[in-house]
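1. Sequence and predicted structure below; questions after.
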Amino acid sequence: MNRSIEQLLEAHSLRKTTVRNQVLDIFLKAKEALAHSDIESHFEQVDRITLYRTLKTFEDKGLIHKAIDGSDKPKYALCNSGCDEHEHFDHHAHFHCDDCGKTYCLDEVEAPTITAPAGFQVASTHLVVTGKCEQCVA
Ligand SMILES: [Zn+2]
Ligand SMILES: [Zn+2]
Ligand SMILES: [Zn+2]
(Lines give C-alpha, C1' and ligand atoms only; values in the text may rest on other atoms or scores of the structure.)
(Ligands and ions follow the chains in the order given, each with its own letter.)
Protein backbone atom coordinates (compact mmCIF):
# COMPACT_ATOMS: atom_id res chain seq x y z
CA MET A 1 0.00 0.00 0.00
CA ASN A 2 1.46 3.30 -1.04
CA ARG A 3 0.15 6.15 1.02
CA SER A 4 1.84 9.48 0.68
CA ILE A 5 1.69 12.15 3.33
CA GLU A 6 -0.08 14.55 1.05
CA GLN A 7 -2.71 12.04 -0.03
CA LEU A 8 -3.39 11.09 3.55
CA LEU A 9 -3.79 14.65 4.76
CA GLU A 10 -6.01 15.49 1.81
CA ALA A 11 -8.14 12.37 2.21
CA HIS A 12 -8.84 13.40 5.81
CA SER A 13 -9.45 17.06 4.95
CA LEU A 14 -6.42 18.31 6.81
CA ARG A 15 -4.28 21.24 5.82
CA LYS A 16 -0.59 20.66 5.43
CA THR A 17 1.57 22.01 8.22
CA THR A 18 5.20 21.29 8.93
CA VAL A 19 4.45 19.47 12.17
CA ARG A 20 1.61 17.42 10.62
CA ASN A 21 3.86 16.38 7.76
CA GLN A 22 6.66 15.40 10.10
CA VAL A 23 4.46 13.50 12.52
CA LEU A 24 2.73 11.61 9.72
CA ASP A 25 6.09 10.76 8.22
CA ILE A 26 7.19 9.29 11.55
CA PHE A 27 4.02 7.16 11.72
CA LEU A 28 4.40 5.97 8.12
CA LYS A 29 7.93 4.78 8.82
CA ALA A 30 7.21 3.20 12.20
CA LYS A 31 6.37 -0.49 12.48
CA GLU A 32 5.19 -0.19 16.06
CA ALA A 33 2.77 2.08 17.90
CA LEU A 34 4.28 5.34 19.13
CA ALA A 35 4.04 7.13 22.46
CA HIS A 36 4.34 10.91 22.77
CA SER A 37 7.94 10.53 23.88
CA ASP A 38 8.77 8.37 20.86
CA ILE A 39 7.47 11.05 18.54
CA GLU A 40 9.17 13.85 20.46
CA SER A 41 12.49 12.06 20.15
CA HIS A 42 12.34 12.54 16.36
CA PHE A 43 12.32 16.30 16.74
CA GLU A 44 15.22 18.48 17.76
CA GLN A 45 12.75 20.90 19.15
CA VAL A 46 8.99 20.67 19.21
CA ASP A 47 6.28 22.43 21.10
CA ARG A 48 4.57 19.76 23.19
CA ILE A 49 1.20 21.44 22.95
CA THR A 50 1.43 21.50 19.17
CA LEU A 51 2.39 17.87 19.14
CA TYR A 52 -0.43 16.98 21.49
CA ARG A 53 -2.92 18.86 19.31
CA THR A 54 -1.60 17.26 16.17
CA LEU A 55 -2.13 13.78 17.61
CA LYS A 56 -5.59 14.73 18.81
CA THR A 57 -6.51 16.09 15.38
CA PHE A 58 -5.15 12.99 13.66
CA GLU A 59 -7.17 10.80 16.01
CA ASP A 60 -10.34 12.85 15.51
CA LYS A 61 -9.93 12.73 11.73
CA GLY A 62 -9.40 8.99 11.56
CA LEU A 63 -5.70 8.97 10.72
CA ILE A 64 -4.37 7.38 13.89
CA HIS A 65 -5.92 5.37 16.70
CA LYS A 66 -4.96 4.65 20.28
CA ALA A 67 -3.16 1.35 20.48
CA ILE A 68 -4.41 0.21 23.87
CA ASP A 69 -1.80 -2.16 25.24
CA GLY A 70 -2.53 -2.34 28.94
CA SER A 71 0.31 0.00 29.85
CA ASP A 72 -0.22 3.47 31.28
CA LYS A 73 1.48 5.16 28.33
CA PRO A 74 -0.92 6.08 25.54
CA LYS A 75 0.38 4.94 22.18
CA TYR A 76 -0.87 5.63 18.70
CA ALA A 77 -0.71 3.82 15.40
CA LEU A 78 -1.74 4.60 11.86
CA CYS A 79 -5.28 3.59 10.94
CA ASN A 80 -6.28 1.51 8.00
CA SER A 81 -7.84 3.51 5.23
CA GLY A 82 -11.43 2.85 6.36
CA CYS A 83 -11.40 5.29 9.29
CA ASP A 84 -12.69 8.82 9.00
CA GLU A 85 -13.77 11.69 11.20
CA HIS A 86 -17.01 9.90 12.06
CA GLU A 87 -15.81 6.48 13.01
CA HIS A 88 -12.79 4.35 13.65
CA PHE A 89 -12.77 0.73 12.54
CA ASP A 90 -9.65 -0.37 14.35
CA HIS A 91 -11.19 -3.25 16.24
CA HIS A 92 -8.03 -5.33 16.02
CA ALA A 93 -5.89 -6.69 18.82
CA HIS A 94 -2.67 -5.04 19.97
CA PHE A 95 0.44 -6.96 20.85
CA HIS A 96 2.53 -5.69 23.75
CA CYS A 97 6.04 -7.08 24.05
CA ASP A 98 6.99 -7.79 27.67
CA ASP A 99 10.70 -7.50 26.86
CA CYS A 100 11.12 -4.34 24.79
CA GLY A 101 7.78 -2.74 25.63
CA LYS A 102 6.87 -2.11 22.01
CA THR A 103 3.27 -2.34 20.88
CA TYR A 104 2.15 -3.58 17.49
CA CYS A 105 -1.20 -3.60 15.70
CA LEU A 106 -2.43 -7.09 14.91
CA ASP A 107 -4.58 -5.98 12.00
CA GLU A 108 -5.79 -9.50 11.19
CA VAL A 109 -6.94 -10.29 14.72
CA GLU A 110 -10.38 -8.91 15.47
CA ALA A 111 -11.41 -8.17 19.03
CA PRO A 112 -14.45 -10.32 19.89
CA THR A 113 -17.91 -8.84 20.19
CA ILE A 114 -18.82 -8.93 23.85
CA THR A 115 -22.31 -9.51 25.15
CA ALA A 116 -22.44 -7.67 28.44
CA PRO A 117 -24.55 -8.84 31.38
CA ALA A 118 -28.01 -7.32 31.70
CA GLY A 119 -27.80 -3.71 32.81
CA PHE A 120 -24.30 -3.15 31.45
CA GLN A 121 -23.59 -1.14 28.34
CA VAL A 122 -20.43 -1.83 26.36
CA ALA A 123 -18.66 1.21 24.93
CA SER A 124 -15.51 -0.40 23.63
CA THR A 125 -13.60 -3.65 23.73
CA HIS A 126 -9.83 -3.90 23.63
CA LEU A 127 -7.95 -7.08 23.02
CA VAL A 128 -4.38 -7.00 24.29
CA VAL A 129 -1.97 -9.81 23.57
CA THR A 130 1.31 -9.93 25.48
CA GLY A 131 4.48 -11.91 24.92
CA LYS A 132 7.70 -11.45 23.02
CA CYS A 133 7.87 -9.68 19.67
CA GLU A 134 9.80 -11.20 16.77
CA GLN A 135 12.91 -9.16 17.59
CA CYS A 136 12.94 -10.32 21.20
CA VAL A 137 12.29 -13.96 20.32
CA ALA A 138 15.20 -14.00 17.89
ZN1 LIG B 1 -8.92 4.32 13.03
ZN1 LIG C 1 10.12 -7.01 21.91
ZN1 LIG D 1 -3.86 -0.73 16.12
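-> It's in. Residues are numbered from 1 along each chain as shown. Ligands and ions are numbered 1, 2, ... in the order given.
2. Every contact and neighbour count from this point should use C-alpha atoms.
-> Noted.
3. Disregarding flanking residues, what is the spatial nearest neighbour of A77?
-> Nearest residue to A77 in three dimensions, chain neighbours excluded: A33, at 4.6 Å (Cα to Cα, 6 or more residues apart in numbering).
4. per-residue confidence at the one you found?
-> pLDDT, A33: 98.
5. residues near it, how many?
-> 25 (other Cα atoms under 10 Å).
6. So V109 versus ligand 3, what's the distance?
-> V109 sits at a distance of 10 Å from ligand 3 (criterion: Cα to the ion, to the nearest Å).
7. Mind giving me the packing neighbours of whatever helix or strand that residue lives in?
-> Here V109 sits within strand 103-110, counting by DSSP states H and E. With contacts defined as 3 or more Cα pairs under 8 Å, 6 or more residues apart in numbering; DSSP states H and E, the packing partners of strand 103-110 are strand 92-97.
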